[in-house]
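The amino acid sequence is not available; the structure is as follows:
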DNA sequence: GCAGGTATATGATTGTAGTCATATGCCAAA
DNA sequence: TTTGGCATATGACTACAATCATATACCTGC
């Protein structure tokens, strides 16, 4: 998920600080490049024809956003800081010229994107599991080892209460074990 | 989502037919390449250490899978045909050499993957909307114009009944209009 | 025109996750 | 060491989507 550190060097990103509520870019603005979140949260939202808006993504630390802007003349959504944010901006021209002239960079970027695709497919598949117990168990079996269950919960589309209950129920069912307060393991 | 036709030519894919239950590849097999689904459905599943399996993805017509295998020595999951399938297999060596020698191809692939990332983020965001009404409305506003509501429903994590009810409720609330049987439009 | 199949649509019931409340354990700062 | 804040954990109640059932419109092949 995290954009390799190498990219910062290769693409020559620029530091950018936003206060909560400030915009990294607006819909229909000419595209200037893609971004990486160092700290804070950025909400990507598209304003639809009828004037309402739809949230497309919630980008947090380590995530990149606006990759597709490399192939578009204008941004198709707004990027609004939800908290104070530290971002790195990679200028479109720099990135494109790097990609056009350095194959290793392209391949690394393809690898980065493939990994994201893989992860998102997994998350969608997990969200398709109806029962909270089964979903949490599947996530654990799929390799999730959350540092915090509370922040993990929304990733798989549950409230933290539902996750705690699921952990409790799975323990009772003997499918996982509680090693310590907040520490659970498979089998 | 659909792999550009151009890729079939550029990467020189080979046609592959599977009967339901047959494997495109197995976990820990040496990676041979990535695949595109022409018809049918393929399930990607990972067998975990405890012997159980987790479904990672359900690939349908127009979708590609195992992109990340380009960067791995072995497959990390099984690919099992759920129905009779027509696939196109793109040999790893061919794809990698194409990507290494033809920048336009790399850029096209990056564009393809960026688009998928964008779409998956949107789907995840939609699935995070609790109320069925709101979720269907957001999906419509985000640009979904499903040919069939029934096949659309599972994409946003709902049953088809829930979608029909949502459409009905949204119509009553005056947020969408029913143009015809199965045909709804915004405002 | 009729039969069979499918998408559309709605009703009744139930399971279950969300919501709100509350309690406890833990850590860090004062 | 006390205080405040946060993650963990669980209880009670409720809202609502899943499930199962049924009906209708539409299409296609006969």
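Yep, it's here. Computed from a prediction, not measured in an experiment: that's the story for all the values here.

what number of residues lie near the closest residue to residue A:146 other than its chain neighbours?
Among residues not flanking residue A:146 along the chain, residue A:152 sits closest, at 3.5 Å (C-beta to C-beta, 6 or more residues apart in numbering or on different chains). In short, each C-beta sits where N, CA and C put it, glycine included. By the measure other C-beta atoms under 10 Å in any protein chain shown, the count of residues near residue A:152 is 18.

ok, now residue A:51?
Look at residue A:51: counted by other C-beta under 10 Å, it has 7 neighbours.

Now it: which helix or strand?
Under DSSP states H and E, no helix or strand contains residue A:51.

pLDDT score for it?
For residue A:51, the pLDDT comes out at 85.

Excluding chain neighbours, what is closest to residue A:109?
Per C-beta to C-beta, 6+ apart, closest to residue A:109 is residue B:110, 5.8 Å.

same check, this time on residue A:116
Leaving aside its chain neighbours, residue A:116 sits nearest to residue B:117 (5.2 Å; criterion: C-beta to C-beta, 6+ apart).

Return the list of helices and strands in contact with the host helix or strand of the one you found.
Using DSSP H and E, residue B:117 maps to helix B:103-127. Packing partners of helix B:103-127 (3 or more C-beta pairs under 8 Å, 6 or more residues apart in numbering or on different chains; DSSP states H and E): strand A:53-59, helix A:92-101, helix A:103-127, helix B:5-11, helix B:92-101, helix B:132-141.

and those, which one is worst for confidence?
For the helices and strands packed on helix B:103-127, mean pLDDT drops lowest on helix B:5-11, to a mean of 72.

so, in contact with DNA strand D or not, stretch A:68-86?
No. In terms of C-beta under 7 Å from any atom of the strand, no part of stretch A:68-86 sits within range of DNA strand D; the closest distance is 13.1 Å.

For that stretch, the averaged confidence score.
Computed over stretch A:68-86, the average pLDDT equals 95.

Contact residues of chain A facing DNA strand D?
A:130, A:148-151, A:160-161, A:164-165, A:167-168, A:178, A:181-182.

Identify the farthest-apart pair in those residues.
A:130 and A:181 (28.5 Å; C-beta to C-beta).

OK, contacts around the closest residue to residue A:81 other than its chain neighbours?
Distance criterion C-beta to C-beta, 6+ apart; nearest residue to residue A:81, sequence neighbours excluded, is residue A:18 at 4.0 Å. By C-beta atoms under 8 Å, 6 or more residues apart in numbering or on different chains, residue A:18 lies in contact with A:24, A:40, A:42, A:81, A:84-85, A:87.
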